[in-house]
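Asks: Structure for the following, please:
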Amino acid sequence: MNKHGQALIEFVLVLPILLLIIFAFLDFGRIILCKNHLEGIMGDVVSLYDSNGDINSYLKQDDDYKITYKVEKKDYSKIILETQLDLITPGLNKVLDSPYKVRVERSVLDE
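Replies: Coordinates of the predicted model:
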């Protein structure tokens with residue numbers, strides 16, 4: 001019995017599954033990194049909103065980000081910052097929507 005041939009066949013059978021797992025970890029890492037980046041931008045956006053600054057001109061530096069406002073109650077405004085991220089893992093777009101929407105929300109007290 002040829003052990004080298006058996007090892008090669010096992011490697012060829014396991015390789016696609018291993019690659020899918022690695023690419024899925026990369027995609028989830030990219031999603032977490034993008035969400036963390038949006039959280040950092042959200043801090044600046046909330047500061048500008050509190051000081052009545054122009055948020056849209058701040059966000060026009062990067063065309064990937066879209067900001068929307070919603071008023072929840074009389075005293076609160078909900079700021080939503082979202083972007084889309086293309087997934088690289090084949091088959092993951094069946095589980096998650098591709099492009100995946102990364103969204104950050106924060107409620108701000110209007111004074």
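
Asks: Mind picking out the helix or strand in the chain with the poorest mean pLDDT?
Replies: Least confident helix or strand of the chain, by mean pLDDT, DSSP states H and E, is strand 66-71 with a mean of 62.

Asks: after that one, next one along is what?
Replies: strand 76-85 (DSSP states H and E).

Asks: That following strand pairs with which strands, parallel or anti?
Replies: Applying DSSP bridges, strand 76-85 is found paired with strand 66-71 (antiparallel), strand 100-109 (antiparallel).

Asks: Just give me how far that strand sits from the chain centre.
Replies: Taking the mean of its C-alpha atoms, strand 76-85 sits 12 Å from the chain's own mean (Cα atoms, centre = their mean, to the nearest Å).

Asks: Tell me the buried residues in that strand?
Replies: By 16 or more other Cβ atoms under 10 Å, the buried positions in strand 76-85 come out as 77, 79, 81, 83, 85. To be clear about C-beta, it is placed using only N, CA and C from the backbone, and glycine gets the same treatment.

Asks: Could you identify the most distant pair in these?
Replies: 77 and 85 (25.9 Å; Cβ to Cβ).

Asks: First-to-last residue distance for stretch 82-95?
Replies: Using Cα to Cα, to the nearest Å, one end of stretch 82-95 lies 20 Å from the other.

Asks: Residues contacting that stretch, please?
Replies: 20, 23-24, 26-27, 30-31, 34, 38, 64-66, 68, 96, 98-104 (Cβ atoms under 8 Å, 6 or more residues apart in numbering).

Asks: Now a PyMOL select for only the buried ones of the residues you listed.
Replies: Buried residues within the contacts of stretch 82-95, by 16+ other Cβ under 10 Å, are selected in PyMOL with:
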select buried, resi 23+24+27+30+34+38+65+96+100+102+104
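
Asks: mind listing the helices for the protein?
Replies: 3-50, 55-59, 92-95 (DSSP state H).

Asks: Which strands or helices does the first one pack on?
Replies: Other elements packing on helix 3-50 under the criterion 3 or more Cβ pairs under 8 Å, 6 or more residues apart in numbering; DSSP states H and E are helix 55-59, strand 76-85, helix 92-95, strand 100-109.

Asks: Please consider this matter closed, and thank you.
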